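> how would this look folded up:
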Amino acid sequence: MKRVLLTLSLFMIAGCEAPAPATSGQLGESAPAYGALDMAGDSVRLADLRGEVVLLNVWATWCIPCRREVPELQALHTELAGKGLRVVGVSVDASGSEDVVRSFAEEFGMTYTILRDPGEVVSSRFRIQGVPASLLIDRQGTVIWRHIGPFEKDNPALREALAAAL
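Predicted coordinates:
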């Protein structure tokens, strides 16, 4: 406790402010800086998607609820891509499992963007514990909907957030 008080006193004496806490992608906050490689090896950053409505879905091939939600995500992508929704799936499968992820995507007919994040940076940046998890980010980069657990495209809260964002 003394160390904390001493540190705060030094900031005040020096006329400095303590740095603002980093965003965590919680509801109502700006999405944190995040990027990963897509299946073609190209870098995709959320900052580059600013101006689009992004549904970020964190998943893994070994996750049974993730397998069940893929058709729902694909259906939403098919329904709303033309209206400005960008579905981005982030696989947190282990490094070296690119072929497994690619086969999974083909098997399930996933045509939306898939990123590879074997280090699970997405989980720490957005404070996500476990998969599946989904976040809706508006055109300004604010997280407007969060859901931990299996995704359902007809979730009333999601539909309300989508209507407002699109």
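> which parts of this structure are strands?
For the chain, applying DSSP state E gives strands covering 35-38, 43-45, 53-59, 85-91, 113-116, 133-137, 143-148.
> save these as CSV, and put in distance to Glu160, mean pLDDT and mean neighbour count too.
Every C-beta, even on glycine, is put in place using the N, C-alpha and C of the backbone. Converted to CSV, the strands of the chain look like this (distance: least, C-beta to C-beta, whole Å; pLDDT from 0 to 100; neighbours: other C-beta atoms under 10 Å):
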stretch, distance to Glu160, mean pLDDT, mean neighbour count
strand 35-38, 29, 97, 16
strand 43-45, 27, 97, 13
strand 53-59, 13, 98, 25
strand 85-91, 14, 98, 23
strand 113-116, 24, 98, 20
strand 133-137, 10, 97, 24
strand 143-148, 8, 96, 18
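> export those as CSV, with columns for distance to Ala75.
Output for those, formatted as CSV (distance: least, C-beta to C-beta, whole Å):
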stretch, distance to Ala75
strand 35-38, 21
strand 43-45, 22
strand 53-59, 12
strand 85-91, 10
strand 113-116, 16
strand 133-137, 14
strand 143-148, 16
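> which one of those strands lies closest to Glu98?
Smallest distance to Glu98 across those (C-beta to C-beta): 6.5 Å, for strand 113-116.
> beta-bridge partners for the residue nearest to the spatial centre of the chain, please?
For the chain, Leu56 is the residue whose C-alpha lies nearest the centre (C-alpha atoms, centre = their mean; 3.8 Å). On the basis of DSSP bridges, Leu56 is bridged to Val88, Leu135.
> for Pro32, give me the pLDDT.
pLDDT recorded at Pro32 is 96.
> low pLDDT regions in this structure?
1-24 (pLDDT under 70).
> what do you get if the cut-off is 90, keeping everything else the same?
For the chain, the stretches flagged by pLDDT under 90 are 1-28, 151.
> quick one: the helices in it?
Secondary structure of the chain (DSSP state H): helices at 2-14, 64-80, 98-107, 121-125, 156-165.
> looking at these, which is closest to Gly28?
Proximity to Gly28 (C-beta to C-beta) singles out helix 156-165 among the helices of the chain, at 11.6 Å.
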